[in-house]
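In: Sequence and predicted model, in that order:
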Amino acid sequence: MIADPGSARIWLILLVAQIREQPARFFATVAALALGVALGSSVYLVNTAALNEFGLATKRLVGEADIVIRGPREGFSETVFVDLARNPAVIASSPLLELEVAMAGRTDTLKVLGLDPFRAAVLQPAIIGEIGEGVFQLFSSDAIYLSSSAAQRLTLQRGDLLQVTVGSSSKALRVLGILSESTYPQPLAVMDIASAQWTFDLVGRLNRIDVRLSPGTDVEAFRRDLGTRLPAGVLAVAPQIERDRAITVTKAYRVNLNMLALVALFTGAFLVFSTQSLSVLRRRKSLALLRALGVTQGQLRRALLGEGLILGVIGSMLGVSLGALAAAGILKYLTADLGNGQLRTAGATLSAAPVQMLAFFFIGIIVAGIGAWAPARNAARQAPARALKGGDGNYETAARTSWRLGVVLMLFGAAMAWLPPVGGLPLFGYAAIAALLLGAVLLVPVITLRGLGLAPRTHRVVFDTAVSQLRENVALSALSLASIIVSFSLMVAMAIMIYSFRVSFDHWLVKLLPADMQLREPFGNDTAFWSAEQQTQLRTAPGVSRAEFRRTRQVLLDPARAPVTLIARGANDAQIAADLPLISAAAAPAAASASAWISEALQDLYGYKVGERMAIPLAGRMQQFEIAGVWRDYARLSGSIVISRPAYSAATGDNTANEGSIWLDPGTSVSTAEKSLRLRVGNGDALEITGSTTLRERALQSFDRAFVITYALEVIAVLIGLTGVSFAASSTALARRAEFGMLRHIGMLRGQIMGMLAQEGLLSSAFGVAYGLALGMALSLVLVYVVNRQSFNWSIDLAVPAWQLAALSAVLIAAAACTAIWSGRSALSQDAVRAVREDW
Amino acid sequence: MKQLLTLAAGMLSGWFLSLPVAAGNFEAVTAGSAIAFPKDYGSHPNFRTEWWYVTGWLRTAQGESLGFQITFFRSKPDIDEHNPSAFAPRQLLIAHCALSDPKRGRLWQDQRIRRAGFGLADASEKDTDVWIENWSLKHSTQSYAAKIDADEFSLDLSLSETQAVLLNGEGGFSRKGPEQRAASYYYSLPHIRVAGNISRGAAKSQVSGEAWFDHEWSSNYLDADAVGWDWIGINLDDGAALMAFQIRGLAGERRWAGGTLRSADGTIQLLQPAEVGFQAGRLWRSPRTGIAYPVEWSVRAGARQFQLKPLLDDQENDTRLSTGSIYWEGAVQALEDERSVGRGYLELTGYGQRLHLR
Amino acid sequence: MTEPVLRLKSLAKRYSKDRPAIFEGVDLELRQGEYLAIMGESGVGKSTLLNLLAGLDTPDHGQVLLEGIDLALLDDDATTLLRRRAVGFVFQAFHVLPYLSVEQNVALPLDLLGCPGPERGRRTREMLGAVGIDSLAKRHTRELSGGEVQRVAIARALVHRPRLVLADEPTGNLDTRSAAQILALLRAQVKENAGAGILITHSRTAADTADRILVLEARGLHPLEKP
């Protein structure tokens, strides 16, 4: 970088002078960079820790199997296992029942592994290593071992009883021991396979078999061949795919967080750019003097680039340390999933990632380098004679010619928004946002000129002077506005997206929760349900005018993807069509087969189309359904299918239900009805009963909570942007000290000069904010229709939070104007008078 | 596999040392009830524990001497009999196989444990026919077939009877302690002729040799005060056979002893506790566990006095990781007046436990 | 007898309390129509004196009476308003706003005084004509030569017909020929459009264009002793 001692000396002189002269600005720029790096590295570290933990937990769960066979909740016949165990290519096979078990008085579920410890030991040695001699006690039919995190969550100890819900009745299991965290980091329980079959009424059934093949067997060929011989809905999966698909589910979320970190870095780069540009402008004469004294272009360029890089080094160093601290704090005091429930595991620990941390360190430096490059080049290229004489730099001309590139970038960005996702990620969507942002920033000078051209001449000296000053220094204004435009437009875009999502989510909730109350067995549980008789009892409970029941369960359509939720609801197809928030529907109802309504995720991920037929594995057979429509489902990211209860019951013979909606008689209160409903089912206290209003409020609350971090980060980005405005304002104000001095000489009041500064600040910040607002709206279209859709596979309707944005804009304009005045004040001190003597 | 091995081995020895007094669910061993063949060759599922046990010496075609041991255990856990699940562990089957290899100075060993059921693992009640998947020991007319296909080694042996069944104790009722209840049903088949094939790693060998077969079942083998035993089964060169054991108590004292000495002509001498003496000789200290085992013994059986010398010192089974139990079981040579008179197996249990107590 | 445009009474100024005064005992009466030159060595406080006269700085002792008004009695805004109306400035470094046109620069004092549009245009044009740059009215000042810029500055200093014009080394940055022209112009314009003028300079040639010459010394203003 610094080639000869001369360069190094110049660099050092300039740098030290710069820091000494403007320590606040230097450290604020460092802080902005540090923030970006910290954000990026902490998000990365936390994510990595969560993923590692998740991967480890999954590995513990699946062990060292070559193939995992998985079936639906009710499983498949255990003869599948016997055949496999006899297969000479199979050297180890472990039969399991893996169930999400409902518990009395709790609304969460517990994953229970019913396993044969002797066979499981081959593939999951950790379990037996710990149970050891206790294995003989495990054979007793009510014995259960809890992982330490499960014991913690359920606050149970060795010897305590655990009440599980099977159907609608409760069974007591005895906690035989607690497995250490190293055996299973996740909350789960282990039982003997025989006890599990008996306890959960699944004698003769398994729903998982782990298989290890003899060395030299072609695993993939064996898996495919096995797949053809398994019952419908039972799939042979490579464990790696199981791990991957769980990680894939959370990928979009993680990428979004990383993008937020990139936004911070992007803003940081702009800040370095504007800071360096301004500082170079301010020092134009002294730099020209250096050139006149014999400093080469290259030396000067390197020295100025070096200034930017030192900002980067210090900022990155701070940022990486800050990021590691923040990550450690988050892991210690919050959960590792960053508010996303899908990665929830206990005890994720921070692991040192020196290579990645080094990468973040260099990213920070590179960002600073990029920001410092253009100003350094321009300053070095400047003709020294002209600069010494006090002529203007060539920034203006450079800025005026940049608009073509800006237009090209904008068009390019708009085009990229139409491209499909890459590997399930909206990479082109993000690229479009970056291109639009950059293009828009390049267009700032041109649009400022045009905009100020529209400003009327008032012959009010203060206003006219302000407008003229802005017009003249349009490049400078653009520089100072770039960071606020970038950060504000991103904030606007995010705010619109989140608001749109919230409005759509709320509409969806209202549509799906028409009844007065909702009741369900613990969400996602495999064991608790209501029989047909119990449904009748609930329906005829006092105060209940009407009740509808649903059966939800998981079906695996594709081993490479997460299971899909099947929802059986509604007495007939017409009712479903009326009750669901449909996006599109078939022209004519299904004639030949039963109808199914798929969620948008299913449409996007599996390519199903309305009017086509799809096969759903039910009761061990592939059953044909015709896709009658697509509905919006914000609850199930992996997709869901709705069929009517008669169709479900015809396919499976299953009349049970695990969710219901209750309409009340007029005058019956929710709490009265809740009591009578609980009395109606044997295991009433485990029932989750909620008034629909409460449910909706709760859903919206958790929605808002999920986006708190996002908002916080956005506010920080805007604050950084404001810092940029402040730098620019104070910088120009200092440069104009002599001008102010002259104006004071010829009789301009202090207040008038303040007014001029305020009007300049208001004009430019109003312009910046308006521009950011417009840009943000354009970006929000990309976020709503491209990034959101491609990340989450659901649509949301665009809604603009007008009041929120108006208030935000007003606050920001005021803040920016105040910043400008505050920064200019120093230029009005007593020595402003003396400044007229300075050569300027 | 390693964990499984330690697990199973741990269970094997852990068992004998911690068997509780027989509960109501198990059939008791009683004096005077006669052993009847062929039914008693088979499994006795109502007793808590049972084993079929083959130990012997092999000689490869190249003249290498090896010891081998194949054991199939059956155990009846104390579970709820009402569980309708086919997986319900009504019986557990455990197999243990070890090959003592003096040339390599090591023990090849592997173990398996399974619940009986689905035809994958079981023990027949009709005749000796016990298997865990492809490990099996099966009786047919006058001979047994033993197949062990372990990870590192394998045995495929044909075991031919050459002598009549030897009933230990009083008609097969073998007392194990001062209390009448501590007892087992126990018969042996000495001088089994062995022929077959083995493999160690990639090396395959044809082998022949002589073995000792035991079948024993009980619901209450050791009483609460016993910590282990020392046992021998020796095929004497002249066609005679000696089985002798002593049960040791918590303080290392002898709690009980017994044995059977059958001469070549078939005369059986039932050895009373006083007629059996185990005198420990040279100690070998395991470099892995630090436990000292008396690997040489002087054993008094009635009027005769035998010196026992091991085929190799290191025939230790280390199962400390799972249960803390470690035992020694290996091929030994029997000498009388400095002259080799026979070969057999020595089993030393409960030494690791004593270390533990220290 | 009319009130003098400017009267100074035993004025003294020091940089800080613990240092001796830069100058003290400065007395002066400047009458209507007078054009005075003040000379002095570098560092003697010429510019400081100028700032005191314009109310941009406050004396440590003595009084400044502009149009008979004691500046010490006025607050900052009142002083500024008085200065705006009554004083015109010409600086050595020109000090014109680079982002305004010649015309706009000259019109600034009229703008500040709230001069109505037509009047403003007329007087600006007249003034530009008077300093001989009416052809440059629409140009930006950065496109002009030094002499031209200083003409703009003189026009700006006189466009509102101030009672007092203060010129601080107005030719310091100009070549000899331009300087002579500017000095002549300044004298003519002060006589034409202002009440009185003070030219501060260290150049004897420049000072000779004034009606009389005073020398600023630490102990006050004294007439120049002709050699």
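Out: Looks like it came in fine. Numbers count the residues shown, from 1 in each chain, chains lettered A, B, ... in the order given.
In: Now do the same contact list for whichever residue of chain C sits closest to chain A.
Out: Closest to chain A within chain C is C:Arg84: 2.4 Å, counting by C-beta to the nearest C-beta. Bear in mind the C-beta positions are built from the backbone N, C-alpha and C, glycine included. Contact partners of C:Arg84, counting by C-beta atoms under 8 Å, 6 or more residues apart in numbering or on different chains, are A:746-748, C:109, C:112-113.
In: Over to A:Leu318?
Out: A:30-31, A:34, A:37-38.
In: got it, and A:Ile91?
Out: Neighbours of A:Ile91 in contact, by C-beta under 8 Å, 6+ apart: A:212-214.
In: Kindly report the residues of chain C close to chain A.
Out: C:47, C:51, C:54, C:56-57, C:76-77, C:80-81, C:83-85, C:87-89, C:91-93, C:95, C:97-100, C:104, C:108-109, C:111-112, C:117, C:120, C:142, C:156 (C-beta under 8 Å from any C-beta of the partner chain).
In: next SSE after the lowest-mean-pLDDT helix or strand in chain A?
Out: Lowest by mean pLDDT, DSSP states H and E among the helices and strands of chain A is helix A:395-401, with a mean of 51. Next helix or strand after helix A:395-401 toward the C-terminus (DSSP states H and E): helix A:403-416.
In: Show residues contacting that next one.
Out: A:428-429, A:431-443, A:445-446, A:782.
In: Now do that helix: distance to the chain's middle.
Out: What separates the centre of helix A:403-416 from the centre of its chain is 27 Å, taken as C-alpha atoms, centre = their mean, to the nearest Å.
In: circling back: make sure the residue of chain C closest to chain A is indeed in a helix.
Out: Yes - with DSSP: H, G, I helix; E, B strand; the rest coil as the criterion, C:Arg84 is assigned to a helix.
In: mind listing what's buried in the lengthiest helix in chain C?
Out: Determined from DSSP state H, the single longest helix within chain C is helix C:176-193. Going by neighbour count (16 or more other C-beta atoms under 10 Å in any protein chain shown), the buried part of helix C:176-193 is C:178-179, C:181-183, C:185-187, C:189-190, C:193.
In: Stretch A:33-50 now?
Out: A:33-50.
In: which of these are close to chain B?
Out: Answer for the buried residues of stretch A:33-50 near chain B: none qualify (C-beta under 8 Å from any C-beta).
In: Mind checking which of the residues you listed are in helices?
Out: Those of those lying in helices (DSSP H): A:33-50.
In: Report the central residue of chain C.
Out: Centroid-nearest residue in chain C, with C-alpha atoms, centre = their mean: C:Leu166, separated by 1.2 Å.
In: Show me where the stretch 101-250 of chain B has its strands.
Out: B:106-115, B:121-123, B:129-132, B:135-140, B:143-149, B:153-160, B:166-167, B:173-175, B:183-200, B:203-220, B:226-236, B:241-249 (DSSP state E, counting those that start in this stretch).
In: Name the strands paired with the helix or strand that the last one is followed by and say parallel or antiparallel.
Out: Heading C-terminal from strand B:241-249, the first helix or strand you meet, by DSSP H and E, is strand B:254-262. Partners of strand B:254-262 in the sheet, by DSSP bridges, are strand B:241-249 (antiparallel), strand B:268-271 (antiparallel).
In: where does the residue in the stretch 51-200 of chain B that chain C sits nearest to land on pLDDT?
Out: Closest contact between the stretch 51-200 of chain B and chain C, by C-beta to the nearest C-beta, is at B:Asp151 (88.5 Å). We have a pLDDT of 83 for B:Asp151.
In: got it, and A:Leu427?
Out: A:Leu427 is given a pLDDT of 82.
In: Next, the buried residues of the helix or strand that A:Val313 is a member of.
Out: Element membership of A:Val313, judged by DSSP H and E, is helix A:297-333. By 16+ other C-beta under 10 Å, the buried positions in helix A:297-333 come out as A:299-324, A:326-328, A:330-331.
In: With stretch B:78-88 instead?
Out: B:79, B:83, B:85-88.
In: helix, strand or coil for the closest residue to chain B within chain C?
Out: Closest approach between chain C and chain B, counting by C-beta to the nearest C-beta: C:Tyr99, at 82.7 Å. Assigned by three-state DSSP, the conformation of C:Tyr99 is coil.
In: Give me the phi and psi angles of it.
Out: Main-chain dihedrals, C:Tyr99, degrees, to the nearest 10: phi -90, psi 0.
In: what does B:Gln163 give?
Out: The phi/psi pair for B:Gln163 (degrees, to the nearest 10) is phi -130, psi 170.
In: domains for chain A, by residue range?
Out: Following automatic domain parsing, chain A resolves into domains at A:1-63+A:243-382, A:67-237, A:459-517+A:691-840, A:518-690.
In: I'd like the ones you listed laid out as a markdown table, including distance to B:Asp230 and mean pLDDT.
Out: Putting the domains of chain A into a markdown table (distance: least, C-beta to C-beta, whole Å; pLDDT from 0 to 100) gives the following:
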| stretch | distance to B:Asp230 | mean pLDDT |
| --- | --- | --- |
| domain A:1-63+A:243-382 | 40 | 71 |
| domain A:67-237 | 24 | 87 |
| domain A:459-517+A:691-840 | 69 | 78 |
| domain A:518-690 | 52 | 85 |
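In: how about CSV for those domains, with distance to B:Ala195 added?
Out: Shown next, in CSV, are the domains of chain A (distance: least, C-beta to C-beta, whole Å):
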stretch, distance to B:Ala195
domain A:1-63+A:243-382, 41
domain A:67-237, 26
domain A:459-517+A:691-840, 69
domain A:518-690, 50
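In: Out of the ones you listed, which gets nearest to C:Ile133?
Out: Closest to C:Ile133 of the domains of chain A is domain A:459-517+A:691-840 (C-beta to C-beta; 18.5 Å).
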